Structures are given as structure tokens and as C-alpha cells.
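Undergrad: Predicted model, plus sequence, below.
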Amino acid sequence: MKSSSLLVAISALMIPLSLGAQQGESKSVAPSLSHGGTLRIVSSLPRTGSANAQTSTMVNGIRLAIDEVGGQVDGWKIEYEDLDDASPQRGNWDPTVEAQNANAAAKDLSCVGYIGTFNSGAAKVAMPILNRAGLVMVSPANTYPGLTKPNMGEANEPMVYRPSGKINYFRVVPTDDLQGAQAANWAKSLGATQVFILNDRELYGKGIADVFQRRAKEIGLTVVGFEGTDAKAPNYRALVTKIKAVGPDLVYFGGTTQSNAGQIAKDLRSGGYEGMYMVPDGCFEQAFIEAAGDSNLNDMTFITFGGLPPEQLTGRGAAFRDSYRKRYGADPEAYAAYGYEAARVVLDAIARAQTKDRAGVLAAVAATKDFDGVLGKWSFDANGDTSSRVMSGQTVKNGQFVFVKVLGD
Amino acid sequence: MQDYEVFVQQLITGLSNGMIIALIALGYTMVYGIIELINFAHGDVFMLGAFLALTLLGAFGMEAWSPAWKFAGVIMMLGGSALFCGGLNWTLDRVAYRSLRKASKLSLLVSAIGCSFICTNLGLFWGGLPMGVFAGGVSAAAPKDFPQITPQTNLLGESAIRITQADVMVFFVTIPLMIGLVLLVNRSRLGRAMRAVAQDSTAAELMGIPVDRVIGMTFFIGGALGGFASVVYSLYNNTIGFQMGYRAGMDAFTAAVLGGIGSLPGAVLGGLTIGCVRAMSDQYLESRWTNTIVFGILVLILIFRPSGLLGSTRREKV
């Protein structure tokens, strides 16, 4: 046990070193083309670990949005920096690194927009830091309701993230209280009657599992079990035996690829469980299929997502998908559209801002109304949430996600 | 499922997991027995063994082989990973630990932690190689799927209790290895030399025993056991990742301490205890309490038997 604390201490020492080196390299400033000066946008998303594939397509989306406006707004040059908020030690987002990213952005006064985070837990770290700095933060992926909505999470949420009392945090994705409830509705319409609910005991996973449980009870499903799992366990065979003994027809896991959704799928199949398996959008990435092995997922796995998969997009969304394909030669992953959307919200706000500084951009983002987005027209509400309610359900066939239907109220 | 069937199933799960932990724990306890070093790199050597096994599997396309050839493939992976991990562990001793024999135990410990970091990062690099089995190496840190090469059918037919080839394989590989190890240590010339070095290395040297070579062999054997364990682990769990050495190493180290570090039967007993406690806690309590229970038991045992379950106060090591 001495080992673990020592290891942690040493790794904590190493992170700032490696990070410092990275930032040093990327600070080279390009010659200014414009009379207005330079405004910077940074993103803080996990670049190390299995979330990286997903992040790459989000960053592609952000770059696409910036290039579409020619890299400048009203004569102000837009500079973009892609920060990593994960560490190899965790293979996942890391609170230390996230705090460093947020502090660095807060100190840099030319920075007017912070796009991130991917994980809701990481947002908790960054939000108060950026709030004090008055820097606008737009998340393409956080879905934990308590970040913005009162009476949804802990008693002190969301005010604890707003030390200045003002709102600086916005998100372009619908939250888990909507997604968890839609998932329960979908489970019922798939014919499930008895559900066993697992969660990874993280903010996102536990939150969405709680909502699923509440909704499942409301609509008459029997909840035969509700358990927290160990995200680092080598296997879940014992848990699967327990699940099989109570005989549910659907297992719901509130968690992500990083918290071992793939291993659970494997152990369910190898343990002889033959029912359905449902997971939220934290698993809506190719890495989930790779980790689970596609034969363990085929036809029995259902994934909800707070948005539409690329091939279902229409209008502005279809235009995004086509230019993404043209430029990167591949289909955007689920969250790429939201990365693109988040960047466009910031760019649009810079264009509308009275003063081209933090306060001006923040006010302009807050005033975003009837935005012509990839998922149709939407506005930010008083909490900073999108008014968009579009959700979809997919399954897995032959190693690919396949769209099943739009989930609605 | 009847209550007794659930219990039997959990016992099978617990023993299988426990056997794998025990096999890794043997590597810790052997090295500790002979030079009183907790070899923190052991878990990561184990992890690299799993990467080698997956690389072999991918390079030879074993997934497409016929069942008989797959059996040969498993033997090949077992042999390859055992030689590789044994050799790597031997190299660590030769390069990083041997020159510190006379230094304080703390320098040795820090050196071991350094080796652990190097191995972890090697694993990260390895996972990024552009191979099909690593999903093209796009995301080096992501968990890798270790393909299921044994069928998932229940060997007991329609029974509610489920035993697959993977379960059987765990016991078929680990039990002979453990028996072999006990025979080696108790009956062979090398084993006698190992016990002599463990008891008093200076006296052993005076008696003409090549101490450094014996210690090197101990590292090799401990590492090789880790290599066998890595293949069994991969075939059983079907997922590997560069961070798995940390968790597996921690479980195994706990098992070694629980059983009495330095004691071979102790490491096996400790591993089986942890495996079974985990499974029973998952079943009859809640899985989120499992870690608390395991470490709670460790604390209790160490209070009442500070040298572990089978550790004797009289030092009889290896």
C-alpha cells in the first residue's frame, strides 16, 4: 500500500513537468494578419486514453468551425489551442490537469472562450476557476444535470460552481435527466419488465442511473437490483452470477467506456446472460465496441444519445456532415457535431459582442437565441442549457452502431 | 438458479480469480523471500506479458485457427510470455537491482518503482503499435480486446452452474505450475541453493553458492510465473490494458502479505482467499463494498497475525 501512495505522489509530480513542456512548444505566435488583434479559444478535452478517438473528432469539428469563418471574425484573428485534460496515469480525465488547463486559460487575458469539458466530473473542477475569471465555458459533452439545474443534484448545486454569482457555463447537449428518462421509456417499449441497474459510482454514471431508476419505477418496470461497480476490476463474473440469479430481462449500466462498460458486456455474455444491455451516450464511441468485442454486443445492446448520429442529420447538420467528410475523409463520431456547435456558438458570440473581450463575449453567448444549429433551432435558457431535446437510440450490428429511432417525449 | 447453485458458481468464480492472483503473488513472495525486496515492477512485467500474448495472437492470426491449433497457440503464448517475462524480470535484476545489493533497502525500493514506471510506459508504447489487434494503435491507452479463442459453451450442458473452457484452463495451467514450483524449491539443487541464500546469503556464498546467479534465477522463475499468469488472465478476462499491472499487482501483493510474505503456500492461500472474498462480497453484500471488505480483512489478519496467515515468526524463506 506504500506503493500506491508513492506512485501517486510521483505521478503527481510528473504531470506538471510534461504539461509545461507541451504548452511551451505550442506558444509560438503566428504573425497577426488583422487590425483587431488576436482572440484565443482553447478546448480542454481528454487526449490520452480511450476517449481520445472521440476527442479527435470533436477537435476536428472545432477546427472546421473556425476554418469556415476563415480563422477570423470582424478582423480579429482567432487562435485555437487544443489542450489535453487527461493523464496517462489515470488513462482518463485528471482533476490536476483540468485545473491547470483552466488556470492557464483564466490567466491568459486574450482567451475569450473555453470549450470543454468532456466529462462532467472535469467540469466541476474547471467551472469555479473560469467563473471567477469571467471566462465563458461551452461544453460539447457534459450531461450531468446538477452542473446547471437547481434541485437536480446536491443541495449546493449549481451555485457552488458560480462563486461570482453570474452564469458563465453553457452546454449544447441535452442533460441526463432527459436522457435517463428516455432510456427507461425505451427499455419499456423494447419489452423489458425487470431491470437490473448498475452504475460506475461516478458523477455522470450514478446520476444517469438514478434518473433511469426513478423513471423505470414511474412507468411500471420492476427494478430488481441497483449496484455500484468497481471501474478497475479485472472482471465482473461474480456480479453477473448475481444478476443472472435474479433474472432481469434488461441490464442498464450508467457509465462510460472508461469505466469498463465493455468488460461488463463481455462478462454478461460469457456468464450466459441472454437479455438486453443498455448504456448511455458515454459509451457511444467506437472504443466501446472495440473494448467489448463486437460479437458480445450484436443485436442485444442499446445505446442512447442526446443528439442524432451523423447520418440522421438534416439541414445545417447535413451540411456539417458533408463538409466534415470532405475535409477529414471520415464520418464524424457522435460528439463531433457538438464540438462544431460549441465552437460556432463562441464564434457567433464574438461576432455579436459589443466589446471584443471576455465580458463582451460572455454576454453575447448568454444572449444566444434561435441559433441555427446542427440539430435545428435552439436557444440557451436561464440556466445555460440548450432548449434542444433531440435524442436517439442505437444498437450495434457487426461492429457498427446502427441508428434505431428518435426518442421523443 | 437455486441458492446452492449460486453459491457454487460464485465459488468457481472466486477460485478462478484467486488462482490468477496467487500465480502473480508467487512472484512477489519469491523475490521478497530471497532479497527482501518488494518488486513493484512485477505487476507491470505481468502486463507486458499480456501484450506479448496479444501480439503473438495477432501476428499469427490465431483466431482463425482450428480448435486443435488454437490449443497449440495457447501453449505457444504461455511459453512465449513466460520466457519473455522471466527474461525481463531477470534483466531488471541484472541492470537495476544487482548493483544495489549492498545499498539500503530503500534505494532498492525506489529503483523498483522506477522500473515499474518504465514498464508501464513500454506498455503504453506497445499498445500504440499499428496492429489489427490493437485496433490499429489509434488509441494507445485504450483497453484492448483480447479475442475469445475458446468457445463460450457450458461444459455442464443444461445445468444452471456454468463452467466454460476458460474456467477449466485456469485450473489446468495454474495447479501444475504451483506443484512444480514447490517441487523445484523443496527437491532440486537450485531450490536448495535458493533456500540457502534466503536464510543467509553470506554463509551461502562462503559455501560456494553463486549467490547472484541464484538470485537471478529466482527473478527469472518469479517473472515466468507472472508470464503464465498474464496469458491465463488474458484468456479469462479477454481485455488487457497498459494499466492492468497496477491493479493485478496490488491484488497479488495484498495476497502475498495476507498469506505471509515469503511463504509460497501463503501466497496461494492469500490469492484464493481474496478471490473468494471478492466473489462472495459481490454476491451477498454489494459490489461497491468489496474493496473495503478485502482490505478490512487484511487489516484484521495483520493485527492478530502480523506475519500473515502462513508466515512463521521463525524466518524460513523463499
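TA: Received it, and whenever you're ready, just let me know what you need. What you see is a predicted model, and the numbers here were worked out from it, not measured in a lab.

Undergrad: so B:I303, which of the three states?
TA: Assigned with DSSP: H, G, I helix; E, B strand; the rest coil, B:I303 falls in the helix class.

Undergrad: Pop the domain breakdown of chain A in here.
TA: Chain A resolves into domains spanning A:34-174+A:315-378, A:176-305+A:391-407 when parsed by automatic domain parsing.

Undergrad: Now distance to B:Q199 too, for those, in a markdown table please.
TA: Bear in mind the C-beta positions are built from the backbone N, C-alpha and C, glycine included. Converted to a markdown table, the domains of chain A look like this (distance: least, C-beta to C-beta, whole Å):
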| stretch | distance to B:Q199 |
| --- | --- |
| domain A:34-174+A:315-378 | 39 |
| domain A:176-305+A:391-407 | 36 |
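
Undergrad: what about the ones you listed, which gets the closest to B:T120?
TA: domain A:34-174+A:315-378 (8.0 Å; C-beta to C-beta).

Undergrad: distance between that closest one and the chain's centre?
TA: 11 Å (C-alpha atoms, centre = their mean, to the nearest Å).

Undergrad: can you give me the strands for the stretch 1-150 of chain B?
TA: B:144-145 (DSSP state E, counting those that start in this stretch).

Undergrad: The residue in it that chain A sits nearest to - nearest residue in space that isn't next to it in sequence?
TA: Residue of the stretch 1-150 of chain B nearest chain A, by C-beta to the nearest C-beta: B:A142 (3.4 Å). Leaving aside its chain neighbours, B:A142 sits nearest to A:S50 (3.4 Å; criterion: C-beta to C-beta, 6 or more residues apart in numbering or on different chains).

Undergrad: did I read that right, that neighbour in a strand?
TA: No. Counting by three-state DSSP, A:S50 falls outside a strand, being coil.

Undergrad: That one contacts B:V138, doesn't it?
TA: No. Applying C-beta atoms under 8 Å as the test, A:S50 and B:V138 come out as separate, 10.0 Å apart.

Undergrad: Which of these two has more residues huddled nearby?
TA: A:S50 (29 against 16; other C-beta atoms under 10 Å in any protein chain shown).

Undergrad: And A:Q263, which helix or strand is it part of?
TA: Per DSSP states H and E: A:Q263 is located in helix A:261-270.

Undergrad: how many other residues sit next to the residue of the stretch 1-150 of chain B closest to chain A?
TA: B:A142 has 30 nearby residues by other C-beta under 10 Å.

Undergrad: Could you pull up the contacting residues of it?
TA: A:49-50, A:52-53, A:257, A:287, A:290-291, B:127, B:135, B:241 (C-beta atoms under 8 Å, 6 or more residues apart in numbering or on different chains).

Undergrad: Please repeat the previous calculation with a cut-off of 7 Å.
TA: A:49-50, A:287, A:290-291 (C-beta atoms under 7 Å, 6 or more residues apart in numbering or on different chains).

Undergrad: distance of it from A:A330?
TA: According to C-beta to C-beta, to the nearest Å, B:A142 and A:A330 sit 18 Å apart.

Undergrad: can you check A:D230 too?
TA: For A:D230, the distance to A:A330 - C-beta to C-beta - is 35 Å.

Undergrad: and those two? which has more neighbours close in?
TA: With neighbours defined as other C-beta under 10 Å, A:D230 and A:A330 compare such that A:D230 has more, 19 against 12.

Undergrad: What's the per-residue pLDDT of that one here?
TA: A:D230 carries a pLDDT value of 91.

Undergrad: same check, this time on A:I15
TA: On the pLDDT scale, A:I15 gets 44.

Undergrad: Quick check: residues of chain A near chain B?
TA: Taking C-beta under 7 Å from any C-beta of the partner chain as the criterion, chain A approaches chain B at residues A:3-4, A:6-7, A:10, A:48-50, A:52-53, A:88, A:91, A:201, A:227-230, A:232, A:234-235, A:237-239, A:241-242, A:244-245, A:262-263, A:266, A:269-272, A:287, A:290-291, A:293.

Undergrad: Could you tell me which residues of the stretch 51-200 of chain B lie near chain A?
TA: B:113, B:124, B:135, B:138-139, B:141-143, B:145, B:147-148, B:152, B:154, B:162, B:164.

Undergrad: ok, those residues vs A:F302, which is closest?
TA: B:D145 (20.1 Å).

Undergrad: distance of that closest one from B:N237?
TA: In terms of C-beta to C-beta, B:D145 sits 11 Å off from B:N237.

Undergrad: same thing with B:M207?
TA: 45 Å.

Undergrad: secondary structure class for A:V251?
TA: strand.

Undergrad: what sits against it?
TA: A:196, A:198, A:243, A:268, A:275, A:277.

Undergrad: do the same with B:N39
TA: B:28, B:31, B:112.
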